[in-house]
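In: Predicted model and sequence follow; I will ask about them next.
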Amino acid sequence: HRWTQINTDKMERRPEKLSVFFICVHLCSSVVSILHSLSGWQIIAAMITITAMNTIEKITEQRTTLYYDLYIPERQSSEPMPLLISLHGYEGNKESMMALSQRINSRDFAIASLQGPNAFFVREEEKPRIGFGWMMMYKAEETIRLHHSTVLSIIEETAREYSIDRSAIFLMAFSQSVSLNYRFAFTHPNVICGVIAVCGGIPGDWNEDKYKESDTDALIIAGETDEFYALERTRTFKDAIARRARSAEFLSFPVGHVFPRESLAAINQWMIDKIKGKR
């Protein structure tokens, strides 16, 4: 107020400056009134908008290292081995998925259990542990591209070091990573013999023309009380996938959103049948 009074006195002899001064005061008062009428979030949004006008998003490409466990069974036969590549769900890890995969068939299959790129703490009653995830809502196409290149690398690296039957490569996933495997199998046609999709969904852009038909079979497994993927919904996935797959089968088990242990024997038999069908 003192600053205003002093300057007003000085400007009394210059009407044109006095008019400009009062216009500025009026505008400032209007802005203050507007800010008082806005909520805190609206003010933050306005500030972000103003900041964004002078902000440019840039990219710095860095190397990403992904980890996977590889299991090779002891075999007397020199015949090429089938390869099962397994992906855990949200909050999972490569060790837990490897344990499940070995329960399916540790005698005949080479198994690669791949770990997601996003690590975070999972709070549990005993103590926090580190979990891993796959998809990101922000720039999801980057996660998809990373998944595709990693699966291709695992196939090539394993086949270079061991005798792998390239006509018997399977992709298995639980929950969050299911749609990634569908994307891979039908973006790279005829690379994957079979896809095992456990308690997961199909890609949101499945109806677009970006995906191709493939000589790939699909086994869809659902939990009958799954709180994330209702049985009525997952039943529709069979027909959707069958539009591009060689065949699609659907099985359900009386469980929620967990990997049904009752399905392990069925998965093993399904893969063996598909291998025989390719020979």
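Out: Yep, it's here.
In: ranges for the strands of this protein?
Out: Under the criterion DSSP state E, the chain contains strands at 68-71, 81-87, 110-114, 118-122, 129-133, 164-174, 194-198, 217-223, 247-253.
In: hey, least reliable of those strands by pLDDT?
Out: Ranked by mean pLDDT, the strands of the chain bottom out at strand 118-122, with a mean of 75.
In: Tell me, how many residues neighbour Thr236?
Out: Neighbours of Thr236 under the rule other Cβ atoms under 10 Å: 11. C-beta coordinates here come from the backbone N, C-alpha and C atoms, glycine included.
In: per-residue confidence for Gly256?
Out: You'll see Gly256 listed with a pLDDT of 97.
In: Please work out how many residues are found near it.
Out: 12.
In: hang on, isn't it packed against Ala222?
Out: No: using Cβ atoms under 8 Å, Gly256 is not in contact with Ala222, being 10.6 Å away.
In: Can you list the low-confidence ranges for the chain?
Out: When residues are selected by pLDDT under 70, those of the chain lie in 1-52, 62, 119, 125, 136-138, 279.
In: hmm, try it at 50
Out: 1-14, 18, 35 (pLDDT under 50).
In: That one: helices as residue ranges?
Out: Here the chain has its helices, by DSSP state H, at 2-11, 15-37, 40-52, 94-104, 140-161, 178-187, 231-234, 237-242, 264-278.
In: ok, now which ones touch Leu146?
Out: Leu146 is in contact with 64, 66, 117, counting by Cβ atoms under 8 Å, 6 or more residues apart in numbering.
In: Apart from its chain neighbours, what residue comes closest to the second one?
Out: On the basis of Cβ to Cβ, 6 or more residues apart in numbering, the spatially nearest residue to Leu66 that is not a chain neighbour turns out to be Thr150, at 5.3 Å.
In: For Gly116, see how far away that neighbour is.
Out: 10 Å (Cβ to Cβ, to the nearest Å).
In: between those two, which one's more packed in?
Out: Comparing Thr150 with Gly116 by other Cβ under 10 Å, the one with more neighbours is Gly116, at 26 against 19.
In: you'd agree the more buried one is up against Leu180?
Out: No: with contact defined as Cβ under 8 Å, Gly116 does not count as touching Leu180 (9.7 Å).
In: is it true that Val258 touches Ala222?
Out: No: counting by Cβ under 8 Å, Val258 does not reach Ala222; the two are 11.5 Å apart.
In: joint contacts of those two?
Out: Cys199.
In: if you count what's nearby, which of these two comes out ahead?
Out: Neighbour tally, Val258 and Ala222, criterion other Cβ under 10 Å: the higher count belongs to Ala222, 26 against 15.
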